[in-house]
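> 3D, please:
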Amino acid sequence: MYQSNGTEILMASNGVAELGLIATPGAQELTALIDRHLVAWAREKGVDRETFIIPSECPRFSSGDGKGVIRQSVRGDDLYFVVDVGNYSCRYKMFGNENCMSPDDHYQDLKRLIQAASGKARRITVIMPLLYGSRQHRRSYRESLDCAYALQELHSMGVENIITFDAHDPRVSNAVPLMGMDNVMPTYQVLKTMFKCIEDFKPTRDNFMVISPDEGAINRNMYYSSVLAVNLGMFYKRRDYSRIVNGRNPIVAHEYLGESVEGKDVFIADDIISSGESMLDIGYELKKRGAKRIFCYATYAIYTNGLAEFDKAYQEGIISGVFGTNLTYRTPELLSREWFHEVDVSKYIAHFIDAINHDMSIGDIIDPHSKIDALLKRYNVK
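Numbering: from 1, shown residues only. Okay, the predicted model is just below:
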């Protein structure tokens, strides 16, 4: 039986269909980690499998046109396509020039491989941690809504489920009310990594606070503060709505709401660190207010403007560490930084795949409150 705490894995031959993993270009690393867990669990149950990964590729012609190829039969299989639309390290040649793959290219490759299955799969699930087009989540003027339309397109192609992590705006699921869509928060994995990596980490009400960087991130930070039973503060961005710079109204100041942070460790959680400008501004503000150590977390640490500013902030003692998941591409430079700590979410995804393959409830996996309670008890946090 599949236990309610999600720890007993049912990797036997009684799934809804033969399980298969297909990695799109750029998602091979994450897929291999997921596969390692699934293979280990299968062998524990007496199922001898070398791998669940089905060979595939997306070759390109010299003109830049591409195609998807699956190298073995998938007839009747329960397929799980893993895609990382943020992996810009993938390259292809077009008329002799080397191009980096954009999110659009990754999304096209996903559709190509789904087409290559030719409608023969029993069921198709897409694991897309960084949701394609999700940063444009609402229409203010005459604007496209790429994410909503992409979800509808995938549904029309036969995709039954989508698993994503920390969607920029989870309400985008309203675009496909008849398709399964799980927006997962890796809260337990983050806290587990923090206990492992931070010396003297004691998240108690007297010496620890959770701070939301803006009003949009309040829900995820509220959850951290609730499960840790600590106080919550927040910043809101005061903007200059009289002008637009680089497509947005510039931030005039970050205003703080909450009790004093003096002498306390502070945890700031957001979905994406892009330029990192807002996160650092908040870090400097908190230091002025007497914060002790500042730890930042973002599900997707993409650092589009490089790492120099965070290196400087770390050297000046503004931030004490940054946590980010392995759900999207991380540069070798980022992984080599002393201040960066990686949160591995592959086992969490493997739990999802196994549960869905056996048509089991994933409610206990989505809500890991009991695991967090056990984690706090293990480290004597009261």
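> OK, contacts around Tyr303?
The neighbours of Tyr303, taking CB atoms under 8 Å, 6 or more residues apart in numbering as the test, are 273-274, 276, 310, 331, 334. Glycine gets a C-beta too; all of them are placed from N, C-alpha and C.
> And Phe340, by the same measure?
By CB under 8 Å, 6+ apart, the contact list for Phe340 reads 301, 321-324, 334.
> quick one: which of those residues sit in strands?
301, 321-324 (DSSP state E).
> coming back round to it: tell me the most packed of the contacts of Phe340, by neighbour count.
Neighbour counts for the contacts of Phe340 (other CB atoms under 10 Å) peak at Ala301, which has 28 neighbours.
> Please check which residues sit opposite the closest residue to that residue other than its chain neighbours as beta-bridge partners.
With sequence-adjacent residues excluded and distances taken as CB to CB, 6 or more residues apart in numbering, Ala301 is closest to Gly324, at 3.1 Å. Gly324 forms beta bridges with Ala298, Glu342, as assigned by DSSP bridges.
> what about the worst-scoring helix or strand of the chain on mean pLDDT, distance to the chain center?
Every helix and strand of the chain was ranked by mean pLDDT, DSSP states H and E. The lowest is helix 363-366, at a mean of 75. Distance of helix 363-366 from its chain centroid, counting by CA atoms, centre = their mean, to the nearest Å, is 16 Å.
> who touches the next helix or strand after it?
Next helix or strand after helix 363-366 toward the C-terminus (DSSP states H and E): helix 369-378. Residues from elsewhere that reach helix 369-378 (CB under 8 Å, 6+ apart): 5-6, 187-188, 191-192, 195, 227-228, 364, 382.
> Pull out the buried residues from the least confident helix or strand of the chain.
364-365 (16 or more other CB atoms under 10 Å).
> Show me what that helix is packed up against.
helix 346-357 (3 or more CB pairs under 8 Å, 6 or more residues apart in numbering; DSSP states H and E).
> Okay, angle between the lengthiest helix in the chain and strand 321-325 too, please.
The residue-count maximum for a helix in the chain (DSSP state H) belongs to helix 28-44. Here helix 28-44 points in a direction 70 degrees away from that of strand 321-325 (axes from the mean of the first three to the mean of the last three CA atoms, to 10 degrees).
> what packs against helix 28-44?
Helix 28-44 sits against strand 19-23, strand 78-82, helix 346-357, with contacts defined as 3+ CB pairs under 8 Å, 6+ apart.
> Contact partners for Ala217?
Neighbouring residues of Ala217 by CB under 8 Å, 6+ apart: 269-271.
> coming back round to it: render the CA-only coordinates of the longest helix of the chain in PDB, please.
This file holds the C-alpha atoms of helix 28-44, laid out as PDB (Å, rounded to 0.1, in the frame of the first residue of the first chain):
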ATOM      1  CA  GLN A  28      19.000  15.400 -19.000                       C
ATOM      2  CA  GLU A  29      20.700  16.100 -15.700                       C
ATOM      3  CA  LEU A  30      17.400  16.400 -13.700                       C
ATOM      4  CA  THR A  31      15.900  13.400 -15.500                       C
ATOM      5  CA  ALA A  32      18.900  11.300 -14.600                       C
ATOM      6  CA  LEU A  33      18.600  12.200 -10.900                       C
ATOM      7  CA  ILE A  34      14.800  11.300 -11.000                       C
ATOM      8  CA  ASP A  35      15.600   8.100 -12.800                       C
ATOM      9  CA  ARG A  36      18.100   7.100 -10.200                       C
ATOM     10  CA  HIS A  37      15.500   7.200  -7.400                       C
ATOM     11  CA  LEU A  38      12.900   5.300  -9.500                       C
ATOM     12  CA  VAL A  39      15.400   2.600 -10.400                       C
ATOM     13  CA  ALA A  40      16.500   2.200  -6.700                       C
ATOM     14  CA  TRP A  41      12.800   1.900  -5.500                       C
ATOM     15  CA  ALA A  42      12.000  -0.500  -8.300                       C
ATOM     16  CA  ARG A  43      14.800  -2.800  -7.400                       C
ATOM     17  CA  GLU A  44      13.700  -2.700  -3.700                       C
END
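> could you give the mean pLDDT of that helix?
The average pLDDT for helix 28-44 rounds to 95.
> likewise stretch 149-164?
In the prediction, stretch 149-164 has an average pLDDT of 96.
> repeat for stretch 327-337
Across stretch 327-337, the average pLDDT comes to 96.
> Surely His155 and Ser173 touch.
No - under the criterion of CB atoms under 8 Å, His155 makes no contact with Ser173, lying 11.2 Å away.
> how about the ones in strands among the contacts of Phe340, which pair is most distant?
The largest separation in these, counting by CB to CB, is between Ala301 and Gly321 at 11.8 Å.
> would you say Phe201 is within a helix?
No - in this structure, Phe201 is coil, not part of a helix, as judged by DSSP: H, G, I helix; E, B strand; the rest coil.
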